[in-house]
Structures are given as C-alpha cells and as structure tokens.
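Q: What follows is a predicted protein model with its sequence.
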Amino acid sequence: MEQKYIVDKDLDAGTLTLKEMAETDVGKFSVLHKESFALEAVEAALPGGPDALIAMFRSHDFFPPAFSAATLAEGILSMFGDDEKTSLKIAFCDNDALESHQEEAQETLVTDEKELVEIDKLLDDTDETPDPEPGAEA
C-alpha cells in the first residue's frame, strides 16, 4: 500500500502538523490521521535526534511502525536544519518496508525453531530410574 506523510511547519501558529495518508484507490489518497504539535515541543526534542522525535510524536492514536517512524523523524530533522523547510512530503510503499524485514524475520524463526528442539530434548521422558511397583512403599 502506498502511504504519504505530509509535514507542515506553521511559524505563525507555532505548530508542526503531521498528516498520515494512504492510497485507497489508484492515485487517490485519504487522510488517516492528523495531529499537531507545539513547535517548542518539537524543538526541545531535536537535540535528542530521531529517537527523541519518535518518542515525542508517537502516541496511542498515532503509532507508525519503526520504518515509517524513523523516516518521518529524519524528515522532521531536515526541516529544522540549515536549509529550513516549511513543508515536506514523504512517500513510500509498505511492501518495500516489509521486504527489507522479511529476511530478518526468517532468521528469527530459525532461531526459535532451534530453541524449541532444545526444549523438547529437556522434556524427553527417558530417565533411567525404574517406576515403583504397584503397592510397594516409596
């Protein structure tokens, strides 16, 4: 699915607005979420880098996946650098993000399967202690 983030910095209002949009039909995008932040809060998070920005804009209502959040944070950082911008559009395809993490997920699966085999070996009931005879005292 194609997605877009539009970031607008309004110096007069003192806000930074994030709009998350998704392609609902070929070439047609709908706004999924829109949220504004005080420029003071954004500027306070800038020295902390991308991680601090992500912590600032992620919330219960707006929680983009790691790939999207990192891309968005880098874009916001670029808006406050030497070449200040007041608007930014970030577009990408979810499939690209999923494909880049597919190999990592497969490696994790293999590791998990190996751990399961090791656990199964621990649970194997092949002890050499004979079971007591019925009626015998223990």
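A: Thanks, I have the structure now. Residues are numbered from 1 along each chain as shown.
Q: list the contacts for Phe92?
A: With contact set as C-beta atoms under 8 Å, 6 or more residues apart in numbering, Phe92 has these partners: Glu2, Gln3, Ser68, Thr71. To be clear about C-beta, it is placed using only N, CA and C from the backbone, and glycine gets the same treatment.
Q: in which helix or strand would I find it?
A: Using DSSP states H and E, Phe92 falls within strand 87-93.
Q: likewise Ala41?
A: Here Ala41 sits within helix 39-45, counting by DSSP H and E.
Q: Likewise for Gln3?
A: Judged by DSSP H and E, Gln3 forms part of strand 2-10.
Q: All the helices of this protein, residue numbers only.
A: Remark: helices assigned in the chain by DSSP state H are 39-45, 49-57, 66-79, 94-123.
Q: ok so, going back, which of the residues in the strand holding Gln3 are buried?
A: Across strand 2-10, burial judged by 16 or more other C-beta atoms under 10 Å covers Gln3, Lys4, Tyr5, Ile6, Val7, Asp8, Lys9.
Q: Mean pLDDT per element in the chain, and the minimum belongs to which helix or strand?
A: Within the chain, confidence by mean pLDDT, DSSP states H and E is lowest for helix 94-123 among all helices and strands, at a mean of 59.
Q: Apart from its neighbours in sequence, what residue is nearest Leu72?
A: Tyr5 (5.4 Å; C-beta to C-beta, 6 or more residues apart in numbering).
Q: residues in contact with the one you found?
A: Leu18, Lys19, Glu20, Met21, Pro64, Ser68, Thr71, Leu72, Gly75, Lys89, Ile90, Ala91.
Q: Of those residues, select the buried ones using a ChimeraX command.
A: Selection of the buried residues among the contacts of Tyr5 in ChimeraX, burial being defined by 16+ other C-beta under 10 Å:
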select :18,19,20,21,64,68,71,72,75,90
